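**Q** kindly return the folded structure for what I paste below:
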Amino acid sequence: VAFGGLLYGFSSASSLGWTNPVVIAVIVIGALCLILFVRRQKKLDEPLLQLATLKSNVFASSAIIVTLINCAAAVTNVTLPIFLQNVLGASALETGMVMMPAAAVGIIISPLSGVIFDKFGPRWITVGGLALMSAALFGFSRIGSDSTLLVAAVLCTCMAAGQTMANMPANTWGINALSNDMIAHGNAISNTGRQVGGAISTALIVTVMTMVTSANASSGLAESTALGVQAAYGICALVGAATLVFAIVKVRSKSKEA
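**A** Coordinates of the predicted model:
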């Protein structure tokens, strides 16, 4: 009820408006249910979700970083196909070809990031990955109707590489800080943060893109869509940059911290 309410409220805002009573009511109900759920879990002898894992500063920092990474990265799956097809006039096949290297680079980098994590710890690979992801998101915020499919493919690949570099080490760093009996709960919290953060981020991104596109409708479909996509990527670039700063402050070089 909590996450469903929040997600429905944020996703409906793009069509109904932020001041719509339904949107406000559903978001408030979702937030209240989340508060009640947290309070209830704290009182149970055997809680459904052991929120005590968040008392670990390392795990809490890790969960925040992983959630924000997925919030920032959610923009590509939603807006890039729209940009490629509506602004650059790409076909469905060309859109798939542009986005395919991102999937391939994730497969290649994921095991390498594990090796680097084991040898040097999480700090530099997490920071480096976030820097690369944030730079790619900023690059996307500057693309327009004069951009090329090659530029989009390179930026998409760099963003996926940065996300993969940062995601796994940050998550492993946090899980390693937990005792064995807390690991399952830690994984559940981390996965929930990723999924819910990405879903709510997607709803907000679509809302912003729709609002900017509609506000610039007089410029034509291609130009107004490009402006909407730029705004969405700009917001996610700011989220990526904030996550980068947070990681620089919080993530340490040791692969395991108590």
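
**Q** residues making contact with the least confident helix or strand in the chain by mean pLDDT?
**A** When the helices and strands of the chain are scored by mean pLDDT, DSSP states H and E, helix 2-16 comes last with a mean of 81. Defining contact as C-beta atoms under 8 Å, 6 or more residues apart in numbering, one finds that helix 2-16 is touched by 20, 22-24, 26-27, 29-31, 33-34, 37, 192, 196, 199-200, 202-204, 206-207, 210-211. For the C-beta atoms, the positions are set from N, CA and C on the backbone; glycine is no exception.

**Q** counting by contacts, list what the helix or strand just after it packs against.
**A** As assigned by DSSP states H and E, the chain's next helix or strand after helix 2-16 is helix 21-43. Counting contacts by 3 or more C-beta pairs under 8 Å, 6 or more residues apart in numbering; DSSP states H and E, helix 21-43 packs against helix 2-16.

**Q** can you give me how far the helix it packs on is from the chain middle?
**A** For helix 2-16, the gap between its own C-alpha mean and the chain's C-alpha mean amounts to 17 Å (C-alpha atoms, centre = their mean, to the nearest Å).

**Q** and that helix, what's buried?
**A** Ala2, Phe3, Gly5, Leu6, Leu7, Tyr8, Gly9, Phe10, Ser11, Ser12, Ala13, Ser14 (16 or more other C-beta atoms under 10 Å).

**Q** also stretch 233-250?
**A** For stretch 233-250, burial by neighbour count (16+ other C-beta under 10 Å) applies to Tyr233, Gly234, Ile235, Cys236, Ala237, Val239, Gly240, Ala241, Thr243, Leu244, Ala247, Lys250.

**Q** how about residues contacting it?
**A** Residues from elsewhere that reach stretch 233-250 (C-beta under 8 Å, 6+ apart): 61, 64-65, 68-69, 71-75, 79, 126-127, 130-131, 133-134, 137-138, 140-141, 143, 166, 170, 201, 204-205, 208.

**Q** what's the average pLDDT for that stretch?
**A** Averaging pLDDT along stretch 233-250 gives 94.

**Q** that one: how far from the chain's middle?
**A** Counting by C-alpha atoms, centre = their mean, stretch 233-250 comes out at 11 Å from the chain centroid.
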